[in-house]
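> Let's see this in three dimensions:
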Amino acid sequence: LQLVESGGASVQPGGSLRLSCTASGDKLDYYSIAWVRQSSSNQRTGVGCIASIGNYTHYGDSGKGRFTISRDKSKNMVFLQMNNLQPEDTGVYYCATDFPRETHTCTVTTGYFHWGQGTQVTVSS
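Now for the predicted structure:
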């Protein structure tokens, strides 16, 4: 399984971005997918996750109410919509996962087996 993130950019505070995670090598149908942010000091923060079955999502404190994770299984993609971005959201955003498992729930951590290469998000005025 290979994961590739895209959509990162520099935006002003209050702006929005939509990040994409495209998978190849396997179908994402039975993978729960997480988004993890890594700051310039290499601190990792779990942003949120989406379960492999259904549309269950779970968010870390930093993204609650502002971020939305969704998936399009027909395109083998997962998305992270980020609204009202703030400077503290700056970092490299990774999509990540472990192994396929049918589950209706997910929790977000910072340790996964599969990682993409990351996409940079910078929020600054």
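> so is the residue most central in space within the chain in a helix, a strand, or just coil?
Nearest to the mean C-alpha position of the chain, by CA atoms, centre = their mean, lies residue 35 at 2.5 Å. Using DSSP: H, G, I helix; E, B strand; the rest coil as the criterion, the local structure at residue 35 reads strand.
> Could you list everything it pairs with in the sheet?
Assessed by DSSP bridges, residue 35 has beta-bridge partners residue 48, residue 95.
> Could you verify that residue 71 is part of a helix?
No - secondary structure assignment places residue 71 outside any helix; it is strand (three-state DSSP).
> pretty sure it contacts residue 95?
No - at 10.5 Å, residue 71 and residue 95 do not qualify as touching, with contact defined as CB atoms under 8 Å. Heads up, the C-betas are built off the backbone N, CA and C, glycines and all.
> Between these two, which is the more surrounded one?
Taking other CB atoms under 10 Å, residue 71 and residue 95 do not tie; residue 95 has more neighbours (31 against 22).
> Surely that one is in contact with residue 3?
Yes - with contact taken as CB under 8 Å, residue 95 and residue 3 are classed as touching, separated by 5.2 Å.
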